[in-house]
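[1] Model the following, please.
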Amino acid sequence: MTLPRDDGYFMPAEWMPHSRCWMAWPCREALWGDRLEMAQDAYAEVANAIAQFEPVTMIANPQDVAEVSLRCGSGVGCLPIPHDDSWTRDTGPSFLANTQGELAGVAWRFNAWGQKYNEYEKDRQTATAILEHLGLPVFAADMVLEGGAIHVDGEGSLLTSEQCLLNPNRNPDLTRSKIEEKLRAYLGVETIIWLNEGLIDDETDGHVDNLACFAAPGIVLALSSDDPSDENYTALQENIDRLRGAVDAKGRSLEVIEVPQPDRMNDDHGRRLSRSYINFYIANGGIIMPSFEDAQDARAYEIIADAFPNRSVVTVAANDIAFGGGGIHCITQQQPLV
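    Just a heads-up that it's a prediction; the model follows:
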């Protein structure tokens, strides 16, 4: 089977131009419970914020299309595609491009974050359904992976975490070296920079899009804590130390910009919500950033605005999304413009 790297494909950085953003309408009542409508309102707000900068398509179960169109408004497109959940970063395709201006996508195997939910058969088909709708080549990967577990700089470097990709609930038969081999083959990267642990009580088992992301080649934003008594302090500090000791695919040492984490907020079961300012979306000319009604909101805004001086930073209240287990980056998937 031909692999993307063999055909010259690679995963572009998120700050490269997009033709569209893909999202999915919240629908899993077992997850959201009586917060479902609030989650839907939050998704609609995110979609309309992104639509200020680039086209947005919200996929919806066929029976929900009319409601989605009404609640999101005319600025957001809607496409009927059956799905089980609403985390397009993880269930949608990882889009690829090549130097000939061609687009394709990887459809990773999906197992509901290590089988944390029983019903995910529709989500397993989401990436392929989007790519087939677009008429793009589909590279079906033989590895379980969610898009929130990786972040690339478009120049050969990739961030991920050991807690997630080496977790036996994903690919128990794959060694670290075999996983690295597949990341290189499917995403066209060369250097994999491994962080260690993610946030406590993170249902995704340490997705990197809560921990760190490239802001530009050689520059990384990383979530941090200055409170040694905080339960995330040790893990976040180790991740920052690893980043400061890393070298990217171009031989550069990384400039690491720390972003403070918000204060603890619990879900209805007493578990800490995985809230992170790193979990933002880079749009054409804009940043769609989460806010949490938290004391750190203003400082985080300043840091992210300074890191992206040529983009307008728009904040969207994201606590209602966090109650579902993720953030703004988790519910979006960029389609590159080629």
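
[2] helix/strand/coil for the residue most central in space within the chain?
    Centroid-nearest residue in the chain, with CA atoms, centre = their mean: residue 148, separated by 3.6 Å. Three-state call for residue 148 (DSSP: H, G, I helix; E, B strand; the rest coil): helix.

[3] Pull the residues that contact the helix or strand of the chain with the lowest mean pLDDT.
    Lowest mean confidence among the helices and strands of the chain (mean pLDDT, DSSP states H and E): helix 29-32, at a mean of 90. Residues outside helix 29-32 that contact it (CB atoms under 8 Å, 6 or more residues apart in numbering) are 26, 36, 39, 85, 117, 323, 324, 325. Backbone N, C-alpha and C define where each C-beta goes, glycine included.

[4] hang on, isn't residue 215 packed against residue 308?
    Yes - in this structure, residue 215 is within contact of residue 308 by CB atoms under 8 Å, at 6.6 Å.

[5] Could you check which of those two has the larger neighbour count?
    Neighbour count, other CB atoms under 10 Å: between residue 215 and residue 308, residue 215 has more, with 22 against 19.

[6] can you pull the contacts of that one?
    Contact analysis of residue 215 by CB under 8 Å, 6+ apart lists 15, 221, 257, 307, 308.

[7] Need the three-state assignment for the third one.
    Right, residue 257. Taking three-state DSSP as the rule, one finds residue 257 in the strand state.

[8] for the stretch 1-150 of the chain, what are the low-confidence residue spans?
    For the stretch 1-150 of the chain, the stretches flagged by pLDDT under 70 are 1.

[9] all strands of it, in order?
    Ranges of strands in the stretch 1-150 of the chain, per DSSP state E, counting those that start in this stretch, are 18-24, 56-60, 77-80, 94-97, 103-109, 138-144.

[10] For the fourth one, list the C-alpha coordinates in PDB.
    This means strand 94-97. Output of strand 94-97 as PDB, limited to C-alpha atoms (Å, rounded to 0.1, in the frame of the first residue of the first chain):
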ATOM      1  CA  SER A  94      -5.800  14.700   9.400                       C
ATOM      2  CA  PHE A  95      -5.600  16.700   6.200                       C
ATOM      3  CA  LEU A  96      -2.400  16.400   4.100                       C
ATOM      4  CA  ALA A  97      -0.900  18.500   1.200                       C
END
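
[11] Give me the helices and strands touching it, please.
    strand 103-109, helix 176-187, strand 333-336 (3 or more CB pairs under 8 Å, 6 or more residues apart in numbering; DSSP states H and E).

[12] again, only using 7 Å
    Helices and strands touching strand 94-97, by 3 or more CB pairs under 7 Å, 6 or more residues apart in numbering; DSSP states H and E, are strand 103-109, strand 333-336.
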